[in-house]
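**Q** sequence plus predicted model, see below.
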Amino acid sequence: MEIAMEGLQESEELKIPDKLPLLPVRDVVVYPYMILPLFVGREMSINAVDKALAGERLIFLATQKDVGDEDPTPEAIYQVGTVAMIMRMLKLPDGRVKILVQGLAKARIVSFETVDSCYQVSIERIIEPPAPDESLELEALVRAVKDQLGKIIALGKQISPEVIVIVENMQDIGSLADLVSSNIGLRVEEAQALLEITDPVERLTKVNELLAKEHELLSMQAKIQTAAKEEMGKSQKEYYLREQLRAIQNELGETDSRSEEMAEIRKAIEAANMPKNIEKEALKQLGRLEQMHPDSAESGMLRTFLDWMVEIPWSKSTRDSLDIKRAQVILNEDHFGLEKIKERILEFLAVRKLRKKMKGPILCFVGPPGVGKTSLGKSIARSMGRKFVRMSLGGMRDEAEIRGHRRTYVGALPGRIIQGLKQAATNNPVFMLDELDKLGSDFRGDPSSALLEVLDPEQNFMFSDHYINLPFNLSNVMFIATANQVDTIPGPLLDRMEVIHLSGYTEEEKLEIAKRYLVLRQTKENGISAKDISFTDEAIKALIAGYTREAGLRNLEREIGSVCRKVARKIAEGEKRRFMINAANVSKFLGPPKILRELEMEKNEIGLVTGLAWTPVGGETLHVEATVMNGKGGLTLTGHLGDVMKESVQAALSWIRSKGKELNLSDDLFQNIEIHVHVPAGAIPKDGPSAGITMATALVSALTKTPVRKDIAMTGEITLRGKVLPIGGLKEKNLAAIRGGIKRVVIPAQNEKDLADIPKTILKKIDIVMVKEVEEVLKLALENFSFSQPESPVPPATKKRSATAKVLVTNRKGVTA
């Protein structure tokens, strides 16, 4: 860029037309008296150049706001620009045009129009106010600008020597500001802002500020470069000195600390008792480490890798305690009930005693929170004499958490599986994978897919961690996973595990567990003993019924702990006596009961049925209400029902309509009524495939005005043919029925096999009735209900023809076979 000093007077005498062709320019702001070459390639821009050359060679240059905009609109172009004269033009072989332009004067765009395939703008010339008379302040400003320019040149800013000479001799402050700003590499926005400032003193002041900022940036850049150069020189110097020291020590027969360190690592590798191929790889990496400079980045990475290789328990294992009777005693000491799980562990120990080499089982405990899944894993490890490792999978989204990071990444580590084995220091611990159903996945991978190899006995003997990148045998590890529900566990992963369901505890079981474990643990944790406090059975039952509603025991233990803390405070305040906690004074410690059971129905009512539901925290009773009103055949469902439950209502209603005559319902009944089905409480979402017979009973009761027995509850799905389908969660639902004061429970006949898993203590408290058809349910639940048989609508002759048709079809089928 150059400045045309001789054009200062000529541009003032030159007459500038009101309309000029527009040339939008990119990446540059053209100032008055500035000479620079431009390359023109866009068709509209070339047309503008041709139009200017056909006239007085004048063109208006304005900067576009977006550099990447190939077809800028008037809104995308700055309004203030420079009138310039095209001094030379050269057509290039690639179709572009190179022009040499000289800025003449500032102007502002008034309006745009398109003429001859190019923009033509109406402009208004901007006349700058005259520079003020010379003063000390103005002279100081000019000197400051020149001094700042000299400083940034000294710091390495590349500025043409001709420009420096012109700056030193320039007196016009407006031209000085334009010349300096066009040569210090300003951003387009900053340069455009300077162009739009008409007051020369204000513009020069702004240039001085920008020069000061540039000087600070260049000073910092020089400081950083100097520091980097000094650090590099220091590292090279240390390397040469270290090599000289090593040579001197070799001459004196002394060994340096690094050699001793390498010898220690080699000794540790040999003592780790690795498999032959693993040891070979470890020694190979040690040889690489010995050849590296100790300060290199790869040296630190290799040293960390070898430390992991030495600390991983390749061959270390604990000896299993195969005394089955002792293991049974330990399991019974730690947990009350859970007979199925205890039996499975004792079976494993029995097989392990008879067969020395066997693959570890992969179990999955599924049950509500607080039923003892995690603590059961600790008891299993204690009964077998193995180490226990727990890894929480809740919220894990990165596959590298399982398989580890590759060593090329900064800060890479092995996965949590290898880390857990290092923590246990044995290769056969009891490894608990907690919260398996809460795994996530995102762009970093799917941890559940990585677990497929870990939990597959046919693959995990060659498990490969990305960091170690060598096979490790996981077949000796006993993996135990826990989950609250199996719905969110991927099918292939679930297929690799032996699932054992843990249902909720009955009130008797909770009472026994609280007496044996919870009270003792909480008194110890709160600094008191059995001499200071005691709980009666009625007090614990009051805690269970009035302060907790859960399948597990966590809230019960919290409430017991709360009572113990209040007693501990009284003792600490000097009250010396033994506190007896009974049903009468529990509320003095914990306040009024937090849980109010659903009120038992006082009498048999029409359209009100008690259903049973399963939730992740146990069973619940569910009241279903149905009512009939005059209307036009509509069906209203309320209570925040899910799609499956809505379909159960539809199926039940369809069955009822198909059995209208048997139920003594008139043919036009459904055209003149509105049916409303509601399930309290409305704010709680409800769904599931087990409410069909409950819905059908409520609807039949409402339509026939027949009361429903208050002491009966039911669960089961319905088909359009009136069949009762099996359901799940039978134990939890029966427990809910007992809590709700229900005496009789109706279940599908196909669930008879599940009664074997329900303790006899539960079965003694309720009368369980198994049904196959909805008609059986109605006879049990409705007062004085009779299901009439309708007269056959088919005449005898027609019946005979139908039988004949059935025979014909059978024969036709037989012929086809």
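**A** Sure, I can see it.

**Q** where do the helices of the stretch 151-300 of the chain begin and end?
**A** Assigned by DSSP state H, counting those that start in this stretch, the helices in the stretch 151-300 of the chain fall at 161-169, 173-181, 188-195, 200-252, 257-271, 276-291, 297-311.

**Q** hmm, S448 is touching L439, no?
**A** Yes - here S448 reaches L439: they are 5.0 Å apart, a contact under CB atoms under 8 Å. The C-beta positions use only the backbone N, C-alpha and C, and glycine is treated the same way.

**Q** that older thread, tell me which of the helices of the stretch 151-300 of the chain is the most buried.
**A** Highest mean neighbour count among the helices of the stretch 151-300 of the chain (mean count of other CB atoms under 10 Å): helix 173-181, with a mean of 23.

**Q** the inter-axis angle of that helix versus helix 188-195?
**A** 170 degrees (axes from the mean of the first three to the mean of the last three CA atoms, to 10 degrees).

**Q** which stretches of the stretch 201-350 of the chain have low pLDDT?
**A** 231-232, 235, 249, 252-257 (pLDDT under 70).

**Q** can you rerun that using 80?
**A** Filtered on pLDDT under 80, the stretch 201-350 of the chain yields the residue ranges 225-261, 291-297, 320-322, 337-341, 345, 348.

**Q** mind checking the helices of the stretch 151-300 of the chain for the one nearest to G728?
**A** helix 297-311 (45.4 Å; CB to CB).

**Q** would you list the phi and psi of F365?
**A** phi -90, psi 120 (degrees, to the nearest 10).

**Q** could you number the chain from 20 rather than 1 from now on?
**A** Okay, residue one is now 20; in that scheme the one you just asked about reads as F384.

**Q** residues contacting it?
**A** If you count contacts by CB atoms under 8 Å, 6 or more residues apart in numbering, F384 has them with 360, 392, 395-396, 499-502, 519, 521.

**Q** neighbour count for S467 and L458, which is higher?
**A** L458 (25 against 22; other CB atoms under 10 Å).

**Q** got the contact list for that one?
**A** Taking CB under 8 Å, 6+ apart as the test, what L458 contacts is 412-413, 415-416, 466-467, 470.

**Q** most neighbours among those residues, which one is it?
**A** L470 leads the contacts of L458 on contacts (other CB under 10 Å) with 26 neighbours.

**Q** what strand or helix carries that one?
**A** helix 466-473 (DSSP states H and E).

**Q** may I have that helix as CSV, with CA atoms only?
**A** These are the backbone C-alpha positions of helix 466-473, laid out as CSV (Å, rounded to 0.1, in the frame of the first residue of the first chain):
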residue,chain,number,x,y,z
PRO,A,466,-20.7,-49.2,28.1
SER,A,467,-23.3,-52.0,28.0
SER,A,468,-21.7,-53.3,24.8
ALA,A,469,-18.3,-53.3,26.4
LEU,A,470,-19.7,-55.3,29.3
LEU,A,471,-20.8,-58.1,26.9
GLU,A,472,-17.2,-59.4,26.8
VAL,A,473,-16.7,-58.9,30.5
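
**Q** now for it, which elements pack on it?
**A** Packed against helix 466-473 by the contact rule (3 or more CB pairs under 8 Å, 6 or more residues apart in numbering; DSSP states H and E) you find helix 419-422, helix 510-514.

**Q** try 6 Å
**A** helix 419-422 (3 or more CB pairs under 6 Å, 6 or more residues apart in numbering; DSSP states H and E).

**Q** quick one: contacts of the helix it packs on?
**A** Helix 419-422 has contacts (CB atoms under 6 Å, 6 or more residues apart in numbering) with 434-435, 466, 469, 484-485.

**Q** quick one: the helix or strand that comes right after it to helix 316-330, angle?
**A** Downstream of helix 419-422, the first helix or strand assigned by DSSP H and E is helix 435-443. Interaxial angle of helix 435-443 relative to helix 316-330 (the same axes, to 10 degrees): 60 degrees.

**Q** and the longest strand for this protein?
**A** As assigned by DSSP state E, the longest strand anywhere in the chain is strand 116-134.

**Q** partner strands of the following helix or strand past it, with direction?
**A** Note on strand 116-134: by DSSP H and E, the next helix or strand toward the C-terminus is strand 137-144. Paired neighbours of strand 137-144 in the sheet (DSSP bridges): strand 38-44 (antiparallel), strand 116-134 (antiparallel).

**Q** most tightly packed of those strands?
**A** Taking mean count of other CB under 10 Å, strand 38-44 is the most buried of the strands paired with strand 137-144, at a mean of 23.

**Q** send over it as CSV, restricted to the C-alpha atoms.
**A** Presented in CSV, the C-alpha positions along strand 38-44 are these (Å, rounded to 0.1, in the frame of the first residue of the first chain):
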residue,chain,number,x,y,z
LYS,A,38,-23.6,8.3,-9.1
LEU,A,39,-20.8,5.8,-9.4
PRO,A,40,-20.5,2.0,-10.0
LEU,A,41,-20.0,0.1,-6.8
LEU,A,42,-17.1,-2.4,-6.2
PRO,A,43,-17.6,-4.4,-3.0
VAL,A,44,-14.2,-5.3,-1.6
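
**Q** got any ranges where the stretch 520-669 of the chain has weak pLDDT?
**A** Checking the stretch 520-669 of the chain against pLDDT under 80 turns up 522-527, 564, 568-570, 614-622, 633-638.

**Q** picking that back up, and the contacts of the longest strand of the chain?
**A** By CB under 6 Å, 6+ apart, strand 116-134 touches 23, 30, 49-54, 56-59, 65, 68, 93, 98-99, 101-111, 138-145.

**Q** quick check: ChimeraX command selecting the buried ones in the residues you listed.
**A** Buried members of the contacts of strand 116-134, defined by 16 or more other CB atoms under 10 Å, are picked up in ChimeraX with:
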select :23,30,49,50,51,52,53,54,57,59,65,68,93,98,99,101,102,103,104,105,108,138,139,140,141,142,145
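
**Q** related to what we said a few turns ago, least confident pick among the contacts of helix 419-422?
**A** On pLDDT alone, A469 ranks lowest of the contacts of helix 419-422, at 78.
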